[in-house]
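Enquirer: The following block contains a protein sequence and its predicted model.
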Amino acid sequence: MSDKTRVTVWNENWHEKHNEAVKKVYPTGIHNTIAKGLSQAADLEVRTATLDQPEHGLTAEVLAKTDVLTWWGHCKHGDVSDAVVDRVQKRVLEGMGLIVLHSGHYSKIFRRLMGTNCSLKWREAGEKERLWNIEPGHPITAGLGEYFELPNTEMYGERFDIPTPDKLIFISWFEGGEVFRSGCCWERGHGRVFYFRPGHETYPIYYNADVIRVLTNASRWAKPRVMLADNCPNSKPIEVIKDRSAEFGIAGIIQK
Ligand code: ZN
């Protein structure tokens, strides 16, 4: 592993090319805006990848050089190939960090890793969101106050159909009255997964300094501590034992 945390910012990059309102907010694409924000941190080495690239820009070579992958998708979740989802999942289980953003709650990779529907309530009304920092000692909230606000957001409301997070970092309150678990941490295999809610494509969310601070902190937090390939070995005993297998027989090989 290099000294710097190598972050790959992935984006389906569809709205930015096909919707005038989104083009205006993100003329170079959501991925390049996030990458620019993260690149302010000297310890992060940032690259981007998009759906329209061969293998969605997530070849084995790219993933081998990725410590943390961020994922933004919305209307093209179904176009992500299962082979790429398999590859990303395997890498997460080995130790790679994954940061899932906003509408990525419905991405194949997030649902695969969570094992639940990941559904939620939503509303597009440009309303205010207040994100409460409920873990001020956590690395992801370093440098943040008790809360921060986004003046215009899409509402996401509970119930968010996720497994209970290992650690809940942010709870959002919305002008319309709903609340939402906006910053959630899990471990899957050796990898760390962080879901972060803000990021609707028609609002300039990824230019916000607090949002970039969270994503920078989360990239550092999600960096692999180990990278271990899966294996399932037949194991010799460490101590001397009496082998009783002749009495019971041996079932044999584990099929994978
Ligand atoms: Zn949205």
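Expert: Arrived safely. Numbers count the residues shown, from 1 in each chain.

Enquirer: What distance do you get for residue 203 to residue 30?
Expert: 11 Å (C-beta to C-beta, to the nearest Å). Yep, even glycine has a C-beta here, placed from its N, CA and C like the rest.

Enquirer: higher neighbour count, the two?
Expert: Legend: neighbour count by other C-beta atoms under 10 Å for residue 203 and residue 30, higher for residue 30 (26 against 21).

Enquirer: Isn't that one up against residue 202?
Expert: No. In this structure, residue 30 is not within contact of residue 202 by C-beta atoms under 8 Å, at 11.1 Å.

Enquirer: Quick check on the residue most central in space within the chain: phi, psi?
Expert: Geometric centre of the chain, nearest residue: residue 99, 2.1 Å, by C-alpha atoms, centre = their mean. Reported as degrees, to the nearest 10, the phi and psi values for residue 99 are phi -110, psi 110.

Enquirer: doesn't residue 68 make contact with it?
Expert: Yes. Applying C-beta under 8 Å, one finds residue 99 in contact with residue 68, separated by 6.4 Å.

Enquirer: which bits of the protein sit near the ion?
Expert: Counting by C-beta under 5 Å from the ion, the residues of the chain lying close to the ion are 103, 154, 200.

Enquirer: what ranges do the helices span in the stretch 51-200 of the chain?
Expert: Remark: helices assigned in the stretch 51-200 of the chain by DSSP state H, counting those that start in this stretch are 60-64, 82-94, 108-114.

Enquirer: Tell me how far residue 114 lies from the ion.
Expert: Between residue 114 and the ion the computed distance is 19 Å (C-beta to the ion, to the nearest Å).

Enquirer: Okay, now the unreliable bits of the protein?
Expert: Counting by pLDDT under 70, the chain has low-confidence residues at 1-2, 254-256.

Enquirer: For the ion, what's the nearest residue on it?
Expert: Going by C-beta to the ion, the ion is nearest to residue 200 of the chain, at 3.6 Å.

Enquirer: give me every residue that touches that residue.
Expert: Residues counted as contacts of residue 200 (C-beta atoms under 8 Å, 6 or more residues apart in numbering) are 102, 103, 124, 153, 154.
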